[in-house]
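> Can you look at this prediction? I've put the sequence above it.
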Amino acid sequence: METATDMLRKGDREGIWRKYCGFLDLGIKEYMDLQRKLLEHQMDMFASSGLGARILKGKKPKSLDEFRKTVPFTTYKDYADCLLARNEAMLPEKPFTWVHTSGRSGEYEYKWVPYTRGLYEVGGDSSLACLILAAASRKGDVALKEGMTFPYLIAPPPYLSGVLTQRVLEIFDFISLPPQDKAVGMGFQERTKAAFGMALSEGLDYFFGVTSILMKISESFGNLGKGGGVMGKMKLTPKALLRIVKAFAKKIVRGGPLLPKYIWSVKGAMCGGMDTSIFMKKVVESWGVVPLEVYASTEMGVIATQTWSREGLTFFPEANFWEFIKEADYRALMADPSLIPTSYLMDEVLPGADYVLVGTSLQGGTLVRYILGDLVRIVSREDPQAGVLLPQMTFTSRIDDVIDIGAFTRLTEKTIWRAIEGSGVPYEDWSIRKESGAGGPILHLYMELRDGAPEPGVVAVKIHESLKSQDAPYKDLEVITGLKPLSITVLAKGTFRRYLEERQAAGADLAHLKPPHVNASDTVIENLMRMSSWRI
């Protein structure tokens, strides 16, 4: 099969765009026709498998309407006995590889998911599409060049990020820093140090990863040549020294800290995670490029991407069949799993509405009407700036990461994070959850502050006022009831670092190193408090 590298060598940039980004030219009818065709093929395979017979109870839906009326919605527990044991005999198609998620809910150490060859290839195509779009300034703009570099800052296989990066390296001649075969055997800090040590010599064309991690790395550039920080001490080649000298010259002229944009002229950036929109301005200030926001999950692969307009995200059509259910209907389903609430298709969703996302794996995959647990908002029916005629979405929150206070307000992680950022309080990290107090529910924020932060009482006032500005119902809570539910416990400096180091020493993987920002368990909070009580 012809790869993107083959096409580039022939000068066929138009063909590259058509193959990898052509889905952006679909109208909604074409999109739905493609989705229906792929779903029909998938149901033929799935129904004949052992797992399919169990989920479908021996039936095979003959139409999309029948599919929506009779096939139950599912969660991972419906597949756990088969997938955790990696029982391939039960699956509709033999997997090409297995990937796992973090098991963040605590129910499972990992959630294993099989990827067929088709899903692996479609996932790689979608990932390359995102890299093309990250550097594109208009429709049809393919800035790819052989030998472009990127730092290997993602979680290695069997995490999805590592698996799809492996596929991208198969279809295009990127250079991974360090090379993937070496990177996968390194710890995250060792890999990061090696990546940027090589980038100082070889240059850097792309970067991608979780936004908050990239911001931590940006802050560490002030420690180049010193001890400590993500970068730590590193041996510098003559090329690297020259690059740093030039960067310091720019820093002196422009003032402020040493920034990555003084060292490299990055062509494209791709970010994911809850914090992408929150830290967007800081990423631009540090790296000199507007990152492309991408939405992905282990179970469903690469789900949606922004375009060169950097507005809403467009859903990819070939890896999953998409449905949407209203939040109230989702909560009713959780209370009574026998319900089959109304679902809405891509051509039925309404702008301004929030939905729980539901996906059915295509390409011989395993998951059917699978509830991801993510709330997404449809922001518009199309993106006129980019000429995309498909619905545009944004990621709102995990459905279980919503904190309900007195039935007045339902705060998401994104809202809380924006309020903390908007308060102007310098902080290292935080975790928040609802707890019971003598006077009612408490919104308890555990926070490590940085030098220059005001005393805790002032911090609480600043964040409370910022929450009011971010969330009108939270403001109404105080106006109508007089309640100020926010309570802050200030953790000692180094608490989150000590937490991370203990998790690393215990052998925890990358996804489990940091505590969750919202609704952390009693065990996590107890460990944070224990770390805070240490004095070094």
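It's in.

> In three-state terms, label L119 for me.
Put simply, L119 is helix when judged by DSSP: H, G, I helix; E, B strand; the rest coil.

> the helices in the stretch 201-350 of the chain, which residues?
Using DSSP state H, counting those that start in this stretch, the helices of the stretch 201-350 of the chain run over residues 211-220, 238-254, 260-263, 280-287, 327-335.

> who's in contact with the third one?
Put plainly, it is helix 260-263. Helix 260-263 has contacts (C-beta atoms under 8 Å, 6 or more residues apart in numbering) with 200, 204, 217-218, 221, 243-244, 246-248, 250-251, 254, 266, 286-289. To be clear about C-beta, it is placed using only N, CA and C from the backbone, and glycine gets the same treatment.

> contacts for whichever helix or strand L375 is part of?
Here L375 sits within strand 370-380, counting by DSSP states H and E. Under the criterion C-beta under 8 Å, 6+ apart, residues 73-76, 297, 299-300, 311-312, 324-325, 327, 330, 349-361, 391-400, 402, 412 lie in contact with strand 370-380.

> Partner strands of the helix or strand following that strand and their direction?
Remark: after strand 370-380, the chain's next helix or strand is strand 392-398, criterion DSSP H and E. Pairing partners of strand 392-398, with direction, according to DSSP bridges: strand 313-315 (antiparallel), strand 370-380 (antiparallel).

> Return the alpha-carbon coordinates of strand 392-398 using PDB.
Taking Å, rounded to 0.1, in the frame of the first residue of the first chain, the C-alpha atoms of strand 392-398 are listed here in PDB:
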ATOM      1  CA  GLN A 392     -18.500  20.900  15.400                       C
ATOM      2  CA  MET A 393     -17.900  19.800  19.000                       C
ATOM      3  CA  THR A 394     -16.000  20.600  22.200                       C
ATOM      4  CA  PHE A 395     -15.200  18.300  25.100                       C
ATOM      5  CA  THR A 396     -17.000  19.500  28.200                       C
ATOM      6  CA  SER A 397     -16.100  17.000  31.000                       C
ATOM      7  CA  ARG A 398     -16.100  13.400  32.200                       C
END
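
> Summarise which helices and strands the helix or strand just after that strand is packed against.
Sequence-wise, the next helix or strand downstream of strand 392-398 (DSSP H and E) is strand 403-405. If contacts are counted by 3 or more C-beta pairs under 8 Å, 6 or more residues apart in numbering; DSSP states H and E, strand 403-405 sits against strand 409-411, strand 427-437, strand 440-449.

> buried set for stretch 268-278?
Going by neighbour count (16 or more other C-beta atoms under 10 Å), the buried part of stretch 268-278 is G268, A269, M270, C271, G272, G273, M274, D275, T276, S277, I278.

> from the contacts of strand 370-380, which would you call buried?
Among the contacts of strand 370-380, those buried by neighbour count (16+ other C-beta under 10 Å) are 73-76, 297, 299-300, 311-312, 324-325, 327, 330, 349, 355-361, 391-399, 402, 412.

> Surely M43 touches K60?
Yes: using C-beta atoms under 8 Å, M43 makes contact with K60 at a distance of 6.3 Å.

> Which one's more surrounded, the two?
More crowded of M43 and K60, by other C-beta atoms under 10 Å: M43, with 24 against 16.

> List the residues that contact that one.
By C-beta under 8 Å, 6+ apart, the contact list for M43 reads K60, P61, F67.

> Relative to D81, which of the helices and strands packed on strand 403-405 is closest?
Nearest of those to D81, taken as C-beta to C-beta: strand 427-437 at 31.1 Å.

> who's in contact with the closest one?
For strand 427-437, the surrounding residues in contact (C-beta under 8 Å, 6+ apart) are 403-405, 416, 420, 441-450, 453, 487, 493, 495-496, 514-520, 524-525, 528.

> So for that strand, what gets flagged as buried?
Residues Y427, E428, D429, W430, S431, I432, R433, K434 are the ones in strand 427-437 that count as buried (16+ other C-beta under 10 Å).

> Point out where this protein drops to low pLDDT.
The model of the chain has pLDDT under 70 over residues 102-107, 222-234, 274-275, 406-408, 439, 507-512, 535-536.

> related to what we said a few turns ago, between the helices and strands packed on strand 403-405, which gets nearest to G387?
Smallest distance to G387 across the helices and strands packed on strand 403-405 (C-beta to C-beta): 35.5 Å, for strand 409-411.

> I'd like the next helix or strand past whichever helix or strand L131 is part of.
Element membership of L131 [criterion: DSSP H and E] is helix 117-134. Going down the chain from helix 117-134, the next helix or strand is strand 149-151, by DSSP H and E.

> picking that back up, between the buried residues of stretch 268-278, which sits nearest L56?
Among those, G272 lies closest to L56 (C-beta to C-beta), at 32.9 Å.

> Now do the same contact list for the closest one.
G272 touches F208, G209, V210, T211, E293, V294, Y295, A296, counting by C-beta under 8 Å, 6+ apart.

> From the buried residues of strand 427-437, pick the one nearest T165.
So of the buried residues of strand 427-437, ranked by how close each gets to T165 (C-beta to C-beta), first place is D429, at 26.8 Å.

> Can you tell me how far that closest one is from T523?
From D429 across to T523, the span is 18 Å (C-beta to C-beta, to the nearest Å).

> What's the end-to-end length of stretch 495-514?
The first residue of stretch 495-514 is 11 Å away from its last residue (C-alpha to C-alpha, to the nearest Å).

> What is the neighbour count of the residue nearest to L350 when sequence neighbours are not counted?
Closest residue in space to L350, ignoring its immediate chain neighbours: I378 at 6.4 Å, by C-beta to C-beta, 6 or more residues apart in numbering. Other residues near I378 come to 20 when the count uses other C-beta under 10 Å.

> for I378, which residues make a bridge with it?
Beta bridges link I378 to M393, judged by DSSP bridges.

> Determine which two of the buried residues of strand 427-437 are furthest apart.
That would be E428 and K434, which, of the buried residues of strand 427-437, are the farthest apart (C-beta to C-beta) at 22.6 Å.

> Can you tell me the closest non-neighbouring residue to S397?
In space, and not counting its chain neighbours, S397 is closest to T412: 3.6 Å by C-beta to C-beta, 6+ apart.

> Check Y76 too.
Once flanking residues are discounted, Y76 sits nearest to K111: 5.4 Å by C-beta to C-beta, 6+ apart.

> my guess is the one you found meets T366, correct?
No: contact criterion C-beta under 8 Å: K111 and T366 do not qualify, at 11.8 Å.

> In terms of neighbours, single out the busier of those two.
The neighbour count for K111 versus T366, taken as other C-beta under 10 Å, is higher for T366 (26 against 20).

> residues touching that one, list them.
Listed by C-beta under 8 Å, 6+ apart, the contact set of T366 reads F46, L51, Y79, L83, L91, P92, V113, P114.

> repeat that for 10 Å
By C-beta atoms under 10 Å, 6 or more residues apart in numbering, T366 lies in contact with 46, 49, 51-52, 55, 79, 82-83, 90-93, 95, 113-116, 119, 299, 360.

> Now, these that are in strands?
Using DSSP state E, the members of these that fall in strands are V113, P114, Y115, T360.

> who are the neighbours in contact with the third one?
Meaning Y115. Per C-beta under 10 Å, 6+ apart, neighbours of Y115: 95-99, 121-123, 158, 160, 163-164, 167, 298, 301, 319, 361, 363-366.
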